[in-house]
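J.: sequence unknown, structure follows:
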């Protein structure tokens, strides 16, 4: 049986469509335009690409995009002053500080200075705590995207055995909380796990978020399981010519697809969902700030 | 093979002894006496017993105990004003608001008004977030006690398969975070888990925290596993005479003890550790407040 390929690009487009509808409704019915402020410190090339992409998608769904590009030498005090201004700006519903920050800036301090209700990355310690106690929070974008894909594919995932490989603060741990919130039996595996193949083999849902190219071979996957591959790793691709590279996930796609019931490819799986969920979070934050109902289908 | 019985009463006495040594050292070397403030609203009989017991043990280890007993009709504003006063009192290093609160008081609001650094119950949303991201936090007392017993019995628990049964905010979820912090492969099981016997059977460490008398039978326990029973359930004991009761855990003790490598009894297992860990947390909070080294062996 060939696995269903979960098309993250198409799914992300659908989420952006839903976001655009909510934005149109907020404008028409409440005269409110959701606004996302993105702060970039320095000129890291990858970060510049992300920020440009976020800005573009933000305006495409009809929201306001506010970009703040600061010099690489910006002082912590100046950065905190900007965040304070954005926290108090009613036109700004979401604030994202692009990571990584230059070394002289304390990332934890900066992230925790964002008003939790505007923390659309879901990294503020209060949002982690709210998620960790099953309360309404801002949820990190990548795991939120994975959850949306799982709900879409399965309807309910209640009672399913889920294994999360990787225990990072931005993917693995919040992913585990979200799966638990949807009543999966959740196992968190990691580099110290004794028998990882065995742990993965018993899972109905496998979320791989380690950052090691193709480390999960197909024969670890239970027949019919759903595989969500968060990894995006660039590897050499001499078959494409000298010096060429290609992107692969944490899962060996071909062999896993032969056993899985459904699988996300890399690229074109989880990747496109992250910015879509950032937009979703911004609409959610905007609705909450205005005491309006949560946008259906866009939150955990 | 008979299981080793993990004697929580003796272990708690040892922890209190360590706490007393730290307290004596803080007094001798720094002229500081750790202080714990306990706030009780109303006259719930069980809460009164707990508060009395906490106060007694606090003074026995040489710390200052401050008890604040408020009328059942106390307003939220008055309670918050008291907490604010305690937050700003340098003689108070730990603050505990005895739960449950009378219905007219918002528990979340009250708990989150405690300064996180003084939140010795570890229930403040910031402490949940810090624990959930592997940072230094105040850790809930009962799971901290379980962790101490596991570390004491095993030395290192890194790489062991641990199953936590129950996903409450005060035991199950923080327990899972602590086990993950010590590099166990952690599974969280609960009422929606499909095949609980099978999930429990693969565990090297079983932590039962459900609150259902003797729901885990011995034949779910893997030969040689360590069983930590958090449940304290009162059941009828007609064999002791009419109307008599007795305490049992969430695990069927006799049959589990026949298979386990080590097990905590009920009563006399996890129970006594909770207040001991409250005292440990208060010393930890005091050391942190004074920029002194963490008290060894008393923190996660």
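T.: Nice, I can see it. Computed from a predicted structure; not experimentally measured.

J.: Just checking, which helix or strand succeeds the longest helix belonging to chain A along the chain?
T.: Longest helix in chain A, counting residues (DSSP state H): helix A:8-30. Following helix A:8-30 in sequence order, the next helix or strand is strand A:35-41 (DSSP states H and E).

J.: elements contacting the helix or strand following that following strand?
T.: Sequence-wise, the next helix or strand downstream of strand A:35-41 (DSSP H and E) is helix A:45-60. Using 3 or more Cβ pairs under 8 Å, 6 or more residues apart in numbering or on different chains; DSSP states H and E as the contact test, the elements touching helix A:45-60 are helix A:8-30, strand A:35-41, strand A:64-70, helix A:271-289. No exception for glycine: its C-beta is placed from N, CA and C like everyone else's.

J.: Pull the contacting residues for residue A:250.
T.: Neighbouring residues of residue A:250 by Cβ atoms under 8 Å, 6 or more residues apart in numbering or on different chains: A:165-166, A:208-216, A:229-231, A:233.

J.: In terms of distance to chain B, which of those residues ranks first?
T.: The nearest member of the contacts of residue A:250 to chain B, counting by Cβ to the nearest Cβ, is residue A:165 at 10.3 Å.

J.: what separates that closest one from residue A:133, distance-wise?
T.: Going from residue A:165 to residue A:133 by Cβ to Cβ, to the nearest Å gives 24 Å.

J.: count of neighbours near residue A:88?
T.: 9 (other Cβ atoms under 10 Å in any protein chain shown).

J.: Could you measure from it over to residue A:74?
T.: Taking Cβ to Cβ, one finds residue A:88 at 19 Å from residue A:74.

J.: ok, back up a step: I'd like the helices and strands packed on helix A:45-60 as JSON lines, with mean neighbour count, mean pLDDT and distance to residue B:283 appended.
T.: Compiled in JSON lines, the helices and strands packed on helix A:45-60 are given as follows (neighbours: other Cβ atoms under 10 Å in any protein chain shown; pLDDT from 0 to 100; distance: least, Cβ to Cβ, whole Å):
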{"stretch": "helix A:8-30", "mean neighbour count": "17", "mean pLDDT": "98", "distance to residue B:283": "49"}
{"stretch": "strand A:35-41", "mean neighbour count": "24", "mean pLDDT": "98", "distance to residue B:283": "40"}
{"stretch": "strand A:64-70", "mean neighbour count": "16", "mean pLDDT": "98", "distance to residue B:283": "43"}
{"stretch": "helix A:271-289", "mean neighbour count": "25", "mean pLDDT": "98", "distance to residue B:283": "40"}
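
J.: want to throw those into CSV with distance to chain B?
T.: CSV is the format used below for the helices and strands packed on helix A:45-60 (distance: least, Cβ to the nearest Cβ, whole Å):
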stretch, distance to chain B
helix A:8-30, 26
strand A:35-41, 21
strand A:64-70, 25
helix A:271-289, 16
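
J.: With neighbour numbers in mind, choose between residue A:165 and residue A:133.
T.: Neighbour count, other Cβ under 10 Å: between residue A:165 and residue A:133, residue A:165 has more, with 29 against 20.

J.: so who does the more buried one touch?
T.: Residue A:165 sits in contact with A:172, A:189, A:190, A:196, A:200, A:206, A:207, A:208, A:209, A:210, A:216, A:250, where contact means Cβ under 8 Å, 6+ apart.

J.: likewise residue A:197?
T.: By Cβ under 8 Å, 6+ apart, the neighbours of residue A:197 are A:219, A:220.

J.: who in the stretch 51-200 of chain A is up against chain B?
T.: By Cβ under 8 Å from any Cβ of the partner chain, the residues of the stretch 51-200 of chain A that approach chain B are A:108, A:124-135, A:158-161, A:167, A:169, A:173, A:176-177, A:180, A:183, A:185-190, A:192-194, A:199.

J.: Okay, and which of the residues you listed map to helices?
T.: Per DSSP H, these map to helices at A:108, A:125-132, A:173, A:176-177, A:180, A:199.

J.: Perfect, that will be all.
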